[in-house]
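Colleague: what's the 3D shape of this:
(2 chains)
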Amino acid sequence: MSLIEELSKDRRVVLYAVVVAVAIICIGFFGLKFGLDLEGGSYLQLQLQGAEAQIDVSPEKILEYQFNASSVEKHGQSYVVTVPGSVDSAFADDLGYIGSKIAKGGNSTKITIVAAPETIVINYLKKNLDADVQLNVAVVPVRYEIRTNVTRQSLDALLAPVGGKVPAGEDSFVAGVSKETVDETKKVLDSKLNRLGLQDIKVRVVDNKYILIDLAGMDVATAQEVVGKPGKFEIRIQTENNDSMHVLYGDAVESVDIPQGERNGGWGVPFVLSEEGALTFQKAAIDAGATKRPEDHYISMYLDKDEIFSAPLAPELASSLQKAPSRSMQATVGGGDAGSAKAKELYIHLREGALPVNVEVVGSGQVSAALGKQFKLQMVIAGLIALLAVAGMIFYRYRERRIVLPMVTTSLSEVVMMLGVWALAGWQLDLASLAGIIMVIGTGVDQLVIITDELMRGGEAAASAADRSIKERAADAAEKAGVGKIAATSSKVYLTRLSRAFLIIMGAAATTTVAMLPLLVMGFGSLTGFALIIILGVILGTFIARPAYGRIIGHILSTS
Amino acid sequence: MELEDIVSKYPPKQIMLIPIAIIILALISLGATYLATGSPVKLGIEFTGGTLVTVPSTESEEQVAGQFDAYPLVDIRNIGGRYMLQFGPMSDSQYADLVKLANSNFDGPEIRHIGPIYSKELQEQVVRYLPLSFLLMAIVVFLVFREPIVSLLVVVSALADILTAAASMNLTGVQLSLGTVAALLMLIGYSVDTDILLSMRVLKRKGLVEEKIIGAMGTGLTMAGTTICAVIALIIVSNFLYFIVPSFTRMDIIADMSAVLIFGLAADVFNTWVTNAQGLRWYLNKPKKAARGQKR
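Modeller: Next comes the predicted model:
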């Protein structure tokens, strides 16, 4: 007899009540997070520049061109380059062939370079583009990932002097960098911004090509400086006991390579020092006595005063430093999975000096906290006005509190459910999402109107009398509907009508959802919130709130 | 009610001339703008690139503009206690200086800077995704009804809504921004809701087509009414509230969005109950189909 009692047996109504309750708990427990445009702060939109390309070129030709050599021969793993006249020993180092042997003889010089053909191509590209180049061996044929702004034409022009080119075909040149590179860049930014102690930083990747950074409570000029400015990197060496002395700053580190697997008993991150830096390092190692007793002299690396690496000088390196400076080094962190993870972390830290990829700021902006607060207040007011106006509209139509109240309550509960999901997921509500919520209030009630009308009307059209005009009959039907006499009492008719109403609702929900789908990826993510909240509103409404409303209103109408 | 008379009294073919005329007018407006500017609607700053700075100030327009005369100022507008300044393209270093100037001279300026790469990509995205969205909607409509003519009428009504909304942007000077694109996509999905209701009622219920149309109209107009109410709430709060309460401010993205939505929704009322309804009347009352229309 009691309405509550009867409804509590219906699993749709129970599900609805549970979901709303859970949503309220979620909102209370996790709280709502607001987007940058409501909280104040600045944002940067960066485009990662780069491309992956296959390259047809002979390494011998490159060496011949780079060294201005008279001949280049390949002997097994190494290339022997013969250059007329004498050559400065640093020349090969400068071109990136570190550790090559130079033998002067008569009026020519022989340089022996131990390198894979791909390394030579990479060196050539790096040197000429002043950007990082990596080899992608995951595809066949292999592609070179060039981490700066290049086109097929610019690459061809660059390769023309060495007789090379990018082969024809779609697959041979792909704009954009690999997912790994994007993730790496994101990690570098995350780590850097977190270490600076900034709160509420959000680094997002869009379209595998853009990185969006939100920095709360900061103006856009500061934001650009923070993101652009490299961390302060320092290498120190242990002297006696616990004392240490400064060796180098980050400007002496020329390049950092991806972590290398188990070589010399552990994972390590190779890096290259500048010529001057190598000399300074050698001198410091000798002065500290590290070349004699390497195990007592730890080499430590600091990033903005935080220690990121500390290990004794490797014995082999110590003995070689005694004789000559070394530019190519490796920071070894240990073996196994732990070593691998540590190496990756260190690599990210070492890269914080500069991002792995060239980036271009494509958009930026700022909103003040006061303005954001204002927007928030105005949107809450808009929401209340919308809810009142919608309630007024349905009251005008039905003139019955017992229909208007459940309708408005259901609409409000849909908003609660949406906010619950947002709180649970930790998503941010921005201005566009709030507009989305208001649209869901306006459109969600539509579906409730469809259900109500479908249940209240039903058979009136069938009860047609031939002698009445269309207008009269329509007026009659409308009156019936308005008064709210439900013609159907048997649950079978009621269910048929409910399912008919849901056919309309499902169709309407499906069209709204699919039309919103493109917005999820469009506009660099700035409208994702709007699209997501509307899609979610439609789904929650269609599958949870409206089935329950159908039952509740059915009972209310039949008990009157 | 006027609409009811239209629905039942006049022959559908005659009434259909009105929506056809409106669609043609909309196309002329879009076409003329296209010939004049190279795009069917006026493009906002997100699509052209540039910088938008909004500063709170009690000074006069000239005084505020004067502080920025070293930069390519294109437009300045008073939006209730704040001035919105639009700048043309500038170099990165110029932009950095502008940001510093705005931050030092004003309290909490709002800044939006859109680079050429961003705006170009956005243009490409709209050209790609707006038709895709429409296509997806059309596919869903065909799947729901599985009747080519009925589905086509729904899709044509939706197309008329979008064209009218876009043309009304040209008439009222609303520019295409991310917000208005979102509104247009929302219209694509939403405007077919009442068409689906109408077509379902007419196909699945017994009785005369005209009677069923009028029956559906009660529900459909309430639906349109609630949505229009929500949009009007947005319009009031984003556009007009700052005239009454000086501490309030204009919200561009919401103002643009709601302007497009209100035109689209108004067009939807017309296109559902005239274009689509008359289309159904004509199709179902054709001599061959009359029997079927009665039976269903």
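Colleague: where does chain A dip in pLDDT?
Modeller: Where chain A drops to pLDDT under 70, the residues are A:1-3, A:89-90, A:98, A:197-200, A:229-231, A:262-265, A:352-354, A:457-492, A:559-560.
Colleague: Tell me who's in contact with the most centrally placed residue in chain B.
Modeller: What sits nearest the mean C-alpha location of chain B, by CA atoms, centre = their mean, is residue B:260, with 3.0 Å. Shown in contact with residue B:260 (CB atoms under 8 Å, 6 or more residues apart in numbering or on different chains): B:165, B:168, B:169, B:174, B:180, B:183, B:184, B:187. Placement of C-beta: from N, CA and C, glycine included.
Colleague: likewise residue B:130?
Modeller: Shown in contact with residue B:130 (CB under 8 Å, 6+ apart): A:518, B:181, B:184, B:185, B:188.
Colleague: before we move on, back to that, identify the residue nearest the residue nearest to the centre of chain B in space, chain neighbours excluded?
Modeller: Nearest residue to residue B:260, sequence neighbours excluded (CB to CB, 6 or more residues apart in numbering or on different chains): residue B:183, at 3.9 Å.
Colleague: For residue A:360, which three-state class applies?
Modeller: Put simply, residue A:360 is strand when judged by DSSP: H, G, I helix; E, B strand; the rest coil.
Colleague: gap between it and chain B?
Modeller: To chain B, residue A:360 is 7 Å away according to CB to the nearest CB, to the nearest Å.
Colleague: Who does the nearest residue to that residue once chain neighbours are set aside form a beta bridge with?
Modeller: Nearest residue to residue A:360 in three dimensions, chain neighbours excluded: residue A:47, at 4.9 Å (CB to CB, 6+ apart). Taking DSSP bridges as the rule, residue A:47 bridges to residue A:210, residue A:360.
Colleague: Contact partners for residue A:47?
Modeller: A:209, A:210, A:359, A:360, A:362, B:117.
Colleague: ditto for residue A:370
Modeller: Taking CB under 8 Å, 6+ apart, we find residue A:370 in contact with A:40, B:107, B:108.
Colleague: among these, who's most crowded?
Modeller: residue A:40 (22 neighbours; other CB atoms under 10 Å in any protein chain shown).
Colleague: tell me the domain ranges of chain A?
Modeller: A:3-40+A:368-558, A:51-149+A:161-166, A:233-351 (automatic domain parsing).
Colleague: Does the residue nearest to residue B:260 lie in a helix or a strand, and which?
Modeller: Element membership of residue B:183, judged by DSSP states H and E, is helix B:178-190.
Colleague: tell me what that helix is packed against?
Modeller: Packing partners of helix B:178-190 (3 or more CB pairs under 8 Å, 6 or more residues apart in numbering or on different chains; DSSP states H and E): helix A:431-456, helix A:491-521, helix A:528-540, helix B:116-145, helix B:148-172, helix B:252-270.
Colleague: With distance to residue A:55 added, can I get the ones you listed in CSV?
Modeller: Shown next, in CSV, are the helices and strands packed on helix B:178-190 (distance: least, CB to CB, whole Å):
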stretch, distance to residue A:55
helix A:431-456, 44
helix A:491-521, 32
helix A:528-540, 37
helix B:116-145, 26
helix B:148-172, 47
helix B:252-270, 45
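Colleague: Of those helices, which is nearest residue A:248?
Modeller: Across the helices and strands packed on helix B:178-190, residue A:248 has its closest neighbour in helix B:116-145 (36.7 Å, CB to CB).
Colleague: For that closest one, buried residues please.
Modeller: Within helix B:116-145, the residues scored as buried using 16 or more other CB atoms under 10 Å in any protein chain shown are B:117-119, B:121-123, B:125-126, B:129-130, B:133-134, B:136-138, B:140-142, B:144-145.
Colleague: tilt between it and helix A:491-521?
Modeller: Interaxial angle, helix B:116-145 versus helix A:491-521 (axes from the mean of the first three to the mean of the last three CA atoms, to 10 degrees): 160 degrees.
Colleague: what's the distance between helix B:116-145 and the middle of its chain?
Modeller: 15 Å (CA atoms, centre = their mean, to the nearest Å).
Colleague: so for it, what's the average pLDDT?
Modeller: For helix B:116-145, mean pLDDT is 89.
Colleague: give me the number of residues near residue 85?
Modeller: Unless you meant another one, I'm taking chain A. So residue A:85, with other CB under 10 Å, has 10 neighbours.
Colleague: um, chain B though
Modeller: Other residues near residue B:85 come to 23 when the count uses other CB under 10 Å.
Colleague: That one against residue B:79, yeah?
Modeller: No - taking CB atoms under 8 Å as the definition, residue B:85 is not a contact partner of residue B:79, at 10.7 Å.
Colleague: so what sits against both of the two?
Modeller: residue B:54.
Colleague: Of all the helices and strands packed on helix B:178-190, which one is nearest residue A:87?
Modeller: If we rank those by CB to CB, the stretch that ends up nearest is helix B:116-145, at 43.2 Å.
Colleague: any idea of the angle the closest one forms with helix B:178-190?
Modeller: 10 degrees.
Colleague: residue contacts, the nearest residue to residue A:415 once chain neighbours are set aside?
Modeller: Among residues not flanking residue A:415 along the chain, residue A:437 sits closest, at 5.8 Å (CB to CB, 6+ apart). For residue A:437, the contact set (CB under 8 Å, 6+ apart) comprises A:383, A:415, A:418, A:419, A:533, A:537.
Colleague: I'd like those residues written out as JSON lines, with neighbour count and distance to residue B:9 added.
Modeller: Shown next, in JSON lines, are the contacts of residue A:437 (neighbours: other CB atoms under 10 Å in any protein chain shown; distance: CB to CB, whole Å):
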{"residue": "A:383", "neighbour count": "20", "distance to residue B:9": "42"}
{"residue": "A:415", "neighbour count": "20", "distance to residue B:9": "43"}
{"residue": "A:418", "neighbour count": "25", "distance to residue B:9": "45"}
{"residue": "A:419", "neighbour count": "19", "distance to residue B:9": "48"}
{"residue": "A:533", "neighbour count": "28", "distance to residue B:9": "43"}
{"residue": "A:537", "neighbour count": "25", "distance to residue B:9": "40"}
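Colleague: As JSON lines, those residues with distance to residue B:157 would be great.
Modeller: What follows is the contacts of residue A:437, written out as JSON lines (distance: CB to CB, whole Å):
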{"residue": "A:383", "distance to residue B:157": "30"}
{"residue": "A:415", "distance to residue B:157": "29"}
{"residue": "A:418", "distance to residue B:157": "29"}
{"residue": "A:419", "distance to residue B:157": "34"}
{"residue": "A:533", "distance to residue B:157": "26"}
{"residue": "A:537", "distance to residue B:157": "24"}
